[in-house]
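**Student:** Quick one: sequence plus predicted model below, questions after.
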Amino acid sequence: MNRIVKYSALLLFLFFVITAGPGPFADSSAWHTEKKAGKVVIYSRIPPGARVKEFRAESEINAPLERVWQVIRDIASYPSWFGDCMAAEEVARVSVNQIYYYLLMKTAGPLKNREIYAEALYSMSQSGLKREILLLDAPGLPRKSYKTSKPVKSLSGQWVLTAAGNDNTMVQYFILIDPGEEIPMGLSNLYVLGQVEKIIIGLIQTAEGS
């Protein structure tokens, strides 16, 4: 009987950890270190009014800025390195600095896979040593209407690439994405955290050619 009580208490505790938000005394809008994996550091915060965490991943890549820039802009290559991306398509190209694209991301278990419809805006500094990609939700794009997937609820993000010494590139990846309220907040955060880590590691391996 005692073992059953202890097991039930453990399950209740795990449920609370997964579904609860930050404590009442936590400054949830400030960045906190979420995870370190090799040369990748991931930070998180909860912006005012957001249901889920925003993540910021940082790493220095042993590859030139132009190489990293090309990898990120090659939407068709995303299934080979961009986390659990199953399909990717550039839907429309407005100009050399503005595109719309679609991604199909795999989720775990019985949950439906997630569709991302996004706009990407590319820019660079006058010197070319700093480049940015602004990611915006694009709800107006035609939906694929797959039975096994559904669009994410909201999306915003940014890539910031800066030329570093020794022909390396410093990368920052910001992402605030809500997969949808059918997934509890804690599980959403764990899912996105895992994807962010996979995305940065995949980018490093692809850009460095390993």
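**Tutor:** Sure, I can see it. Since we're looking at a predicted model, the values are computed, not measured.

**Student:** elements contacting the lengthiest helix in the chain?
**Tutor:** In the chain, taking DSSP state H as the definition, the longest helix is helix 185-208. Secondary-structure packing of helix 185-208 (3 or more Cβ pairs under 8 Å, 6 or more residues apart in numbering; DSSP states H and E): helix 2-19, strand 32-37, strand 40-45, strand 54-61, helix 65-73, strand 169-178. Where C-beta positions appear, they are placed from N, C-alpha and C, glycine not excepted.

**Student:** can you do 6 Å?
**Tutor:** strand 54-61, helix 65-73 (3 or more Cβ pairs under 6 Å, 6 or more residues apart in numbering; DSSP states H and E).

**Student:** want to throw these into a markdown table with mean neighbour count and mean pLDDT?
**Tutor:** Listed next are these as a markdown table, based on neighbours: other Cβ atoms under 10 Å; pLDDT from 0 to 100:
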| stretch | mean neighbour count | mean pLDDT |
| --- | --- | --- |
| strand 54-61 | 20 | 99 |
| helix 65-73 | 19 | 98 |
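
**Student:** These: which one's closest to residue 199?
**Tutor:** Taking Cβ to Cβ, strand 54-61 is the member of the helices and strands packed on helix 185-208 nearest to residue 199, at 7.5 Å.

**Student:** got the angle for that closest one vs strand 169-178?
**Tutor:** 160 degrees (axes from the mean of the first three to the mean of the last three Cα atoms, to 10 degrees).

**Student:** Present the helices and strands packed on helix 185-208 as CSV; the columns should include distance to residue 197.
**Tutor:** Below are the helices and strands packed on helix 185-208 laid out as CSV (distance: least, Cβ to Cβ, whole Å):
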stretch, distance to residue 197
strand 54-61, 7
helix 65-73, 16
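
**Student:** out of the ones you listed, which comes closest to residue 189?
**Tutor:** Checking the helices and strands packed on helix 185-208 against residue 189 by Cβ to Cβ gives strand 54-61 as the closest, at 8.5 Å.

**Student:** Pull the residues that contact that closest one.
**Tutor:** 39-45, 47, 68, 164, 168-176, 196, 200, 204, 207 (Cβ atoms under 6 Å, 6 or more residues apart in numbering).
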